[in-house]
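[1] sequence first, predicted coordinates after that:
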Amino acid sequence: MSRLVSIRFEVALAVGVVLIAASVAWWVGAALKRPLDAQDMRIDAADLGSYAAEGDLLTTRRVGVSITRSYSRVQTEMWRDKIEEMVDKYQSREPQAQVAKYFGEVRALAQRLLSASDDVTDNFVKEGTSAAAASELKQVELDARELKSRLALTSD
């Protein structure tokens, strides 16, 4: 009799865990499909500015002075992955109607940053530096700050 109760308990527990997991998966899926609002884009514009500043630092680091080549390569790859995630986000999501004009600007900024990251990555592989990439990264950082400020003025 004790074994039967144990089996029933385990089955009920398994069903409960499956229901909780399904609920969490549904909630996460719904959140990922939600249109982006001004607050989302403000955060993303700030992130893009931070990524641009990080990229500028990556372009000016000198391998061998204070960091190893492998460490710098890993940092560059991780930085580029974050940028790619942002670009993917703006290719797969839609904005709320009242902030649609800013959506295109954030997406274009993310694309510019991805293009600059290609230059940084290529120059890293060639062991060179690119003044053009550094200049573009600084401009993206400034543009991201300006866009974040304009988004702050919008009402949610």
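    Structure's in. What do you need?
[2] from now on I want contacts and neighbour counts done on CA atoms only, so please keep to that.
    Noted.
[3] any idea which element Ala25 lies in?
    For Ala25, the host element (DSSP states H and E) is helix 2-33.
[4] helix or strand right after that helix?
    Where DSSP H and E defines the elements, the next helix or strand beyond helix 2-33 is helix 38-60.
[5] for the record, mean pLDDT for whichever helix or strand comes after that following helix?
    Per DSSP H and E, the first helix or strand lying C-terminal to helix 38-60 is helix 69-92. Across helix 69-92, pLDDT averages out at 88.
[6] which elements pack onto helix 69-92?
    Using 3 or more CA pairs under 8 Å, 6 or more residues apart in numbering; DSSP states H and E as the contact test, the elements touching helix 69-92 are helix 38-60, helix 100-125.
[7] same list (those) but as JSON lines, adding mean neighbour count, mean pLDDT and distance to Ser135.
    Shown next, in JSON lines, are the helices and strands packed on helix 69-92 (neighbours: other CA atoms under 10 Å; pLDDT from 0 to 100; distance: least, CA to CA, whole Å):
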{"stretch": "helix 38-60", "mean neighbour count": "20", "mean pLDDT": "89", "distance to Ser135": "8"}
{"stretch": "helix 100-125", "mean neighbour count": "19", "mean pLDDT": "86", "distance to Ser135": "9"}
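[8] including distance to Ala133, could those go into CSV?
    Shown next, in CSV, are the helices and strands packed on helix 69-92 (distance: least, CA to CA, whole Å):
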stretch, distance to Ala133
helix 38-60, 8
helix 100-125, 6
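[9] nearest to Ala25, of these?
    For Ala25, the closest of the helices and strands packed on helix 69-92 is helix 38-60, at 21.0 Å, according to CA to CA.
[10] who does that closest one touch, helix- and strand-wise?
    helix 69-92, helix 100-125, helix 131-152.
[11] mind doing that once more with 7 Å?
    Helix 38-60 is packed against helix 100-125, helix 131-152, with contacts defined by 3 or more CA pairs under 7 Å, 6 or more residues apart in numbering; DSSP states H and E.
[12] just the angle between that helix and helix 131-152, please?
    Orientation check (axes from the mean of the first three to the mean of the last three CA atoms, to 10 degrees): helix 38-60 against helix 131-152 gives 160 degrees.
[13] who's in contact with helix 38-60?
    For helix 38-60, contacts defined as CA atoms under 7 Å, 6 or more residues apart in numbering pick out 76, 99, 106, 110, 113, 120, 129, 134, 137-138, 140-141, 144-145, 147-148, 151-152, 154, 156.
[14] can you tell me, leaving aside adjacent residues, what's nearest to the residue nearest the centre of the chain?
    Nearest residue to the geometric centre of the chain (CA atoms, centre = their mean): Met86, 3.8 Å. Once flanking residues are discounted, Met86 sits nearest to Ala110: 6.7 Å by CA to CA, 6 or more residues apart in numbering.
[15] nothing else from me, thank you.
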